[in-house]
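S.K.: Starting from these lines, generate the structure:
(2 chains)
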Amino acid sequence: MMLRVSNLKAAYGKIEALHGISFHVEKGEIVTLIGANGAGKSTTLKALMRLPPPESPSVTGGDIEFDGVSILGMEAHRIVSGLKMTLVPEGRHIFGNLTVVENLQLAAWTRKNENIGREIHHIFDMFPRLAERARQRSDTLSGGEQQMLAVGRALMTKCSVLLLDEPSMGLAPLIMYDMFRTLKRLNADGLTIIVVEQNALLALQVADRGYVLDTGEIVAEGPAEDLLRTPEIKAVYLGG
Amino acid sequence: MQRYAVNVLFCAAAVALVGLAQAGMLDKYVLTIITFMGINCIFAVSLNLVNGYMGEFSCGHGGFMCVGAYTGSLLSVAFFTNSKLFGPALFPPELAPFLFPLVLIGAGSVAALFGLIVALPSFHTRDDYLAIITIAANYIIISVVENIDAIGGPRGFSGMRRVVGAMSDVADVPWMLIWTIVGLFVCVMTIYRLMTSTYGKGISAVCQNEVAAEIMGVDTNRVKIMAFMVSSGLAGLSGALYAHVYGYVNAQAFNILKSTEGLVIVYLGGMGSISGVLLAAIAFTLLVEALRFVMPWLNDILHAANLLPAGYELSQVWKWVIIPLILILLMQFRPEGFLGNRELTQVFPRLKRWITLK
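M.R.: Numbering: from 1, shown residues only, chains lettered A, B, ... in the order given. You can find the predicted model right below:
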């Protein structure tokens, strides 16, 4: 078991956002967390990444274990460099002032002296649109291209676990399906993926297993196909 | 060899300046202004590291200059002169020109430590809130210094002139001009090398987006400590130089107005541009001094044109109306400053062939 979250409680100041959730992720899986706005999906990812308050929650109870070791005392940058786990944040958070290539170079920050040219080419093979825009300032990219850059940048950290927060947000349907196809391909190459989505149907079609969150608690879990067939979930999250 | 042209030019200019001063071709006033120009350059370029490159709004930079000024003064008085405060000199005064770098390094190091006052809160505080902390740090430093009676308290501290005198006894050259040029060189090279290193990329990342920096594996806290300490350390260096040029320090010289002066220069030159800030520091120092001569002249013209009531004389204080006015106009028409966040070599790419900073 790669990642085990047990009875995790997290709060922003005094307001508790997660009331003790438990889930686990195996190596090589795609796991999705679905749920309505305010269910605690992004909070869970931020807590997993150990991002610092005040923007991110502080963990008030429970534990997060990575390969059997608690990571609660770790800082976010150590999680990236040590555990090879990183996040594609909601709203992309790309470095707008820098060009596409510079964004990718910066992502290799933890590996100071390696030749990263080949890896950048690899990212460009995956997202040819980025290659066309390589020398362009990244805040001039379209929303879809920025999302590609955010994913490409995360992959440049050489991560083995990738957390994605609403990768479909603001994307045209075609680009959205492209994005998920790319994720599926990365998963086939061995990347473990945890994806948080509003678009539950899409997420469940790609994922191996899913968890349904509602106001800080897990209300349903299981293999993705089963969740897709469950009537209540269909009614509430999949639109009938 | 071509790419060393500008570097050689700068060296030649520095040597020429020292030579002119040595030959007595520059009067004392001009020499002092040039030295202050250099000190302002160091002060502003170091502030630019935090405000320009790292994107935090520090408005208490004067505080670190104060720490450097007092530390430098105390060290050099203790090292090279017999004083009531420290007793006999620790080293023979003949060593002053050789050991003076120690004074500067000491001043910089202590100021860098004080940089932690701002660096540590910056872990969890940002933007306007951090700006207020920096102002508070500025006030704290000044009040503390003002209330230590042993170092003069509100009366200030002096005795550095004897140290400069001791240096001149060894060799009669314009020492403070030389040290300022050396200090400026160290400052510019430190910041240039830092910003082109991996750490520099980390500083740009923190500037852009801290969350994104963190998930790219950048240790944002370490990067911030580094930037704040280097920045305040170099401000301390400028303070130590200032104290020795003046021969006298007073905490109130480094209050929020001094910090604001630094901010003005950085915004005038363009945030995140070393060459822009250097130009701005020189222009600002010149402007302040030039207005000193322009004011009486302006007074005469306005009286001749009958625009002023007969009994009223335009005083030097009006300088501080004109300078902010110029700033307001500049911000209206060129809000990015002289060079924006670009260097001279980016504005004029041809310069690249003539310069190297390796």
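S.K.: quick one: what helix or strand has residue 203 in it?
M.R.: In the absence of a named chain, chain A is used. Taking DSSP states H and E as the definition, A:Ala203 sits inside helix A:200-206.
S.K.: my bad, the chain I had in mind was chain B
M.R.: According to DSSP H and E, B:Ile203 maps onto helix B:198-208.
S.K.: for B:Phe57, same thing?
M.R.: Assigned by DSSP H and E, B:Phe57 belongs to no helix or strand.
S.K.: ok, now A:Tyr211?
M.R.: Using DSSP H and E, the element containing A:Tyr211 is strand A:209-214.
S.K.: Adjacent strands (with direction) for that strand?
M.R.: In the sheet containing strand A:209-214, its partner strands are strand A:30-35 (parallel), strand A:217-223 (antiparallel), by DSSP bridges.
S.K.: Please report how far A:Leu227 lies from A:Glu221.
M.R.: Taking Cβ to Cβ, to the nearest Å as the measure, A:Leu227 falls 8 Å from A:Glu221. All C-beta spots, glycine's among them, are computed from the backbone N, C-alpha and C.
S.K.: can you check A:Gly143 too?
M.R.: Distance of A:Gly143 to A:Glu221, given as Cβ to Cβ: 31 Å.
S.K.: More neighbours: which of the two?
M.R.: Counted by other Cβ atoms under 10 Å in any protein chain shown, A:Gly143 and A:Glu221 do not tie: A:Glu221 has more neighbours, with 16 against 13.
S.K.: ok, the more buried one touching A:Arg209?
M.R.: Yes - using Cβ atoms under 8 Å, A:Glu221 is in contact with A:Arg209, at 7.2 Å.
S.K.: which residues are contacting the helix holding A:Ala203?
M.R.: Contact with helix A:200-206 is made by A:30, A:32, A:34, A:168, A:176-177, A:180, A:183-184, A:195, A:197, A:210, A:224, A:227-228, A:233, A:237-239, as judged by Cβ atoms under 8 Å, 6 or more residues apart in numbering or on different chains.
S.K.: which of the residues in that helix are buried?
M.R.: Counting neighbours by 16 or more other Cβ atoms under 10 Å in any protein chain shown, one finds that the buried residues in helix A:200-206 are A:Ala200, A:Leu202, A:Ala203, A:Leu204, A:Val206.
S.K.: What average pLDDT does it get?
M.R.: Averaged over helix A:200-206, pLDDT sits at 90.
S.K.: Alpha carbons only: can I get it in PDB?
M.R.: Provided in PDB are the C-alpha atoms of helix A:200-206 (Å, rounded to 0.1, in the frame of the first residue of the first chain):
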ATOM      1  CA  ALA A 200     -17.600  12.800 -11.900                       C
ATOM      2  CA  LEU A 201     -18.600  10.800 -15.000                       C
ATOM      3  CA  LEU A 202     -15.400  11.500 -16.800                       C
ATOM      4  CA  ALA A 203     -13.300  10.800 -13.700                       C
ATOM      5  CA  LEU A 204     -15.000   7.500 -12.900                       C
ATOM      6  CA  GLN A 205     -14.600   6.400 -16.500                       C
ATOM      7  CA  VAL A 206     -10.800   6.800 -16.200                       C
END
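S.K.: what sits in contact with each of A:Leu227 and A:Glu221?
M.R.: Listed as contacting both A:Leu227 and A:Glu221 by Cβ under 8 Å, 6+ apart are A:Gly210, A:Val212.
S.K.: Just the CA atoms of the helix holding B:Ile203, as PDB, please.
M.R.: Only the C-alpha atoms of helix B:198-208 are listed here, as PDB (Å, rounded to 0.1, in the frame of the first residue of the first chain):
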ATOM      1  CA  THR B 198      19.600  28.000  -9.000                       C
ATOM      2  CA  TYR B 199      18.800  29.900  -5.900                       C
ATOM      3  CA  GLY B 200      18.000  32.900  -8.100                       C
ATOM      4  CA  LYS B 201      15.500  30.800 -10.000                       C
ATOM      5  CA  GLY B 202      14.000  29.800  -6.700                       C
ATOM      6  CA  ILE B 203      13.700  33.500  -5.700                       C
ATOM      7  CA  SER B 204      11.800  34.200  -9.000                       C
ATOM      8  CA  ALA B 205       9.600  31.200  -8.300                       C
ATOM      9  CA  VAL B 206       8.700  32.500  -4.900                       C
ATOM     10  CA  CYS B 207       8.000  35.900  -6.400                       C
ATOM     11  CA  GLN B 208       5.600  34.400  -8.900                       C
END
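S.K.: Other residues contacting it?
M.R.: Residues outside helix B:198-208 that contact it (Cβ under 8 Å, 6+ apart) are A:95-98, A:105-106, A:109, A:112, B:49, B:53-55, B:194-195, B:212-213, B:216, B:218-220, B:223-224, B:226-227.
S.K.: Please spell out the PyMOL selection for the buried subset of these.
M.R.: Listed next is the PyMOL selection for buried residues among the contacts of helix B:198-208, using 16+ other Cβ under 10 Å:
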select buried, (chain A and resi 95+97+98+105+106+109) or (chain B and resi 49+53+54+55+194+195+212+213+216+218+219+220+223+224+226+227)
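S.K.: tell me the pLDDT at B:Met1?
M.R.: pLDDT, B:Met1: 61.
S.K.: tell me, what residue is most central in the chain?
M.R.: Just so you know, I chose chain A. Nearest to the mean C-alpha position of chain A, counting by Cα atoms, centre = their mean, stands A:Leu164 at 1.7 Å.
S.K.: wrong chain, I was asking about chain B
M.R.: Central residue of chain B (Cα atoms, centre = their mean): B:Phe43, 1.5 Å from the mean position.
S.K.: which SSE is it in?
M.R.: If you go by DSSP H and E, B:Phe43 is part of helix B:28-48.
S.K.: residues of that helix that come out buried?
M.R.: Residues of helix B:28-48 classed as buried: B:31-32, B:34-48 (neighbour count, 16+ other Cβ under 10 Å).
S.K.: Just the C-alpha atoms of it, please, in PDB.
M.R.: Coordinates of each C-alpha in helix B:28-48 appear next as PDB, following Å, rounded to 0.1, in the frame of the first residue of the first chain:
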ATOM      1  CA  LYS B  28      35.400  67.800  -1.300                       C
ATOM      2  CA  TYR B  29      31.800  68.400  -2.000                       C
ATOM      3  CA  VAL B  30      31.800  66.700  -5.400                       C
ATOM      4  CA  LEU B  31      33.800  63.800  -3.900                       C
ATOM      5  CA  THR B  32      31.200  63.400  -1.100                       C
ATOM      6  CA  ILE B  33      28.300  63.400  -3.600                       C
ATOM      7  CA  ILE B  34      30.000  60.700  -5.700                       C
ATOM      8  CA  THR B  35      30.600  58.600  -2.700                       C
ATOM      9  CA  PHE B  36      27.000  58.900  -1.500                       C
ATOM     10  CA  MET B  37      25.900  58.000  -5.000                       C
ATOM     11  CA  GLY B  38      27.800  54.700  -4.600                       C
ATOM     12  CA  ILE B  39      26.300  54.100  -1.200                       C
ATOM     13  CA  ASN B  40      22.800  54.800  -2.500                       C
ATOM     14  CA  CYS B  41      23.500  52.300  -5.300                       C
ATOM     15  CA  ILE B  42      24.400  49.600  -2.800                       C
ATOM     16  CA  PHE B  43      21.400  50.400  -0.600                       C
ATOM     17  CA  ALA B  44      19.000  50.300  -3.500                       C
ATOM     18  CA  VAL B  45      20.400  47.300  -5.400                       C
ATOM     19  CA  SER B  46      20.200  45.300  -2.100                       C
ATOM     20  CA  LEU B  47      16.600  46.400  -1.600                       C
ATOM     21  CA  ASN B  48      15.900  45.400  -5.100                       C
END
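S.K.: I am finished for the moment; much appreciated.
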